[in-house]
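1. Any chance you can model this:
(one chain, ligands or ions: 1)
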Amino acid sequence: MQHLIVFTEKEKQQLLKKRKGETKFGEHIQLIPNLTKIYVDIVNLDVDYVVFGINEDIGITANLGKTGAYKAWDATLKVLLNIQSNALTNAKRVLILGHLDYTKQRNAIADLDVSKKKQLSKVRNLVEDIDKDVTHLVSSIIKAGKTPIIIGGGHNNAYGNIKGCALANNEKINVVNFDAHSDFRAEEGRHSGNGFSYAYAEGFLKNYFIFGLHENYTSSNLLNTIKKVKSINFNTYEAIEVRKELDYSSEMKNALNHVSDKKFGIEIDCDAIKNIPSSAMTPSGFSVKQARQFVNYFGKDANATYLHICEAAPTKKSETKIGKLITYLITDFIRAQKS
Ligand SMILES: N=CN[C@@H](CCC(=O)O)C(=O)O
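-> The predicted model follows:
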């Protein structure tokens, strides 16, 4: 795993802001001292969750989107390590593994002109390399009996999550996706808009529920496709929050029915949440409270297999806000699983 950079005790100490009389989450988490073989390193560790970041936005570049998601992991660590450690946050059950690093690859594509077909396909080929790493890492974590919590990166990484889970369990998995977009675009080379279509076409994804699709950002072709395929179900943000034809809680129940008959992944695209800096930031979207309720609701189910939070693109100004958002979602998931 040449791109996996393990999170070290030294880095942890640099980020921890200790306070007398209090214990921070980072003081109780587990780390692995050396990386040998990921499965062997974690299989005997007494933890339930393996949290790791994917420092890339190459998939977003390959989808001609707005970059910056490679910074979400660092933003998250700064906040996550410094929340309180108490009976409600369960830090001892958490391994902070580290991150997949693609700095070199990001630099190598910086000067490419993605409006040119050949150069775009170079970027899309790089996404396939990332896919291999994510697939291997997720499948090793699941085979070791732990639950992956993945902080992206672009939504292209849904593909590696799904394939990794399916390979580890030796069967297709289901997914519920909290997202303004279907990410079911054509198989035209890998990017952040086709993680689910590739996973479906290659036989790793079975039932797929898209929660809160934006009607303005779904092409006519895609709408026809997702209406036609029986194993795909969806609702729209407009039907729930604008026209009030559907009720948020009942829709979560409906989505759970669609995915919970077997192992399923929970995908949270931060562009579904109002005003969160991301590739497709929107002034009209679900609230942070609704996103947290969503993670809690699906995280409670015994078949919930992984959590992926992606597409948030922090700036200097929004770094703490994004770190806090992602930390709330991570801890909501852990609490939900415990209950
Ligand atoms: N993962 C995001 N997919 C969206 C991106 C939209 C955008 O960046 O504007 C899509 O392909 O539609």
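
2. quick one, what contacts the closest residue to the ligand within the stretch 51-200 of the chain?
-> Nearest residue of the stretch 51-200 of the chain to the ligand: G193, at 2.5 Å (C-beta to the nearest ligand atom). Yep, even glycine has a C-beta here, placed from its N, CA and C like the rest. G193 makes contact with 63, 65, 155, 181, 183, 185 under the criterion C-beta atoms under 8 Å, 6 or more residues apart in numbering.

3. cool, and I240?
-> 212, 246-248, 251.

4. Ok, E188 next?
-> Contacts here follow C-beta under 8 Å, 6+ apart; on that basis E188 touches 124, 194.

5. if I've got this straight, I326 is in a helix?
-> Yes. Counting by DSSP: H, G, I helix; E, B strand; the rest coil, I326 falls inside a helix.

6. wait, what's in contact with M252?
-> 211, 293-294, 297-298.

7. what do you get if the cut-off is 10 Å, keeping everything else the same?
-> M252 sits next to 176, 178, 209, 211, 235, 290, 293-294, 296-298 when contact means C-beta atoms under 10 Å, 6 or more residues apart in numbering.

8. What is the nearest of the residues you listed to the ligand?
-> The ligand lies nearest to F178 out of the contacts of M252, by C-beta to the nearest ligand atom, at 12.0 Å.

9. Just give me the neighbour total for the closest one.
-> Using other C-beta atoms under 10 Å, F178 has 26 other residues around it.

10. State the pLDDT value of it.
-> F178 carries a pLDDT value of 98.

11. Dig out what it forms beta bridges with.
-> Per DSSP bridges, the residues bridged to F178 are F211, I268.

12. top of the contacts of I240 by neighbour count?
-> G212 (28 neighbours).

13. Would you confirm that it contacts E267?
-> No. If you go by C-beta atoms under 10 Å, G212 and E267 don't touch, sitting 11.7 Å apart.

14. SS state for L100?
-> Using three-state DSSP, the structure places L100 in strand.

15. is it true that it touches I38?
-> No. With contact defined as C-beta under 10 Å, L100 does not count as touching I38 (11.4 Å).

16. Looking at the two, which is more packed in?
-> Neighbours of L100 and I38, each counted by other C-beta under 10 Å, are more numerous for L100; the result is 26 against 22.

17. For that one, list each beta-bridge partner.
-> Here L100, judged by DSSP bridges, has bridge partners L4, I54.

18. gap between the helix or strand where K104 lies and the chain center?
-> Assigned by DSSP states H and E, K104 belongs to helix 103-109. Its chain's C-alpha centre and that of helix 103-109 lie 22 Å apart, by C-alpha atoms, centre = their mean, to the nearest Å.

19. same for that helix, what does it pack against?
-> helix 58-61, helix 117-143 (3 or more C-beta pairs under 10 Å, 6 or more residues apart in numbering; DSSP states H and E).

20. mind saving the C-alpha coords of that helix as CSV?
-> Output in CSV follows, covering the C-alpha atoms of helix 103-109 (Å, rounded to 0.1, in the frame of the first residue of the first chain):
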residue,chain,number,x,y,z
THR,A,103,0.0,14.7,-3.6
LYS,A,104,2.4,13.7,-6.4
GLN,A,105,-0.4,12.7,-8.7
ARG,A,106,-2.3,16.0,-8.0
ASN,A,107,0.9,18.0,-8.8
ALA,A,108,1.5,15.9,-12.0
ILE,A,109,-2.0,16.9,-13.4
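
21. Helices along the chain, start to end?
-> For the chain, applying DSSP state H gives helices covering 9-15, 25-28, 38-43, 58-61, 72-80, 103-109, 117-143, 158-169, 195-201, 220-228, 237, 248-259, 288-299, 319-338.

22. picking up where we left off before, give the residues shared as contacts by L100 and I38.
-> Joint contacts of L100 and I38 (C-beta under 10 Å, 6+ apart) are 1, 4, 52, 136-137.

23. Of those, keep whichever come out buried.
-> 4, 52, 136-137 (16 or more other C-beta atoms under 10 Å).

24. what's the farthest-apart pair in the residues you listed?
-> F52 and H136 (12.1 Å; C-beta to C-beta).

25. Tell me the buried residues in stretch 291-310?
-> 291-299, 301, 304-310.

26. oh, I was asking about stretch 171-185
-> Result for stretch 171-185 [16+ other C-beta under 10 Å]: buried residues 172-185.
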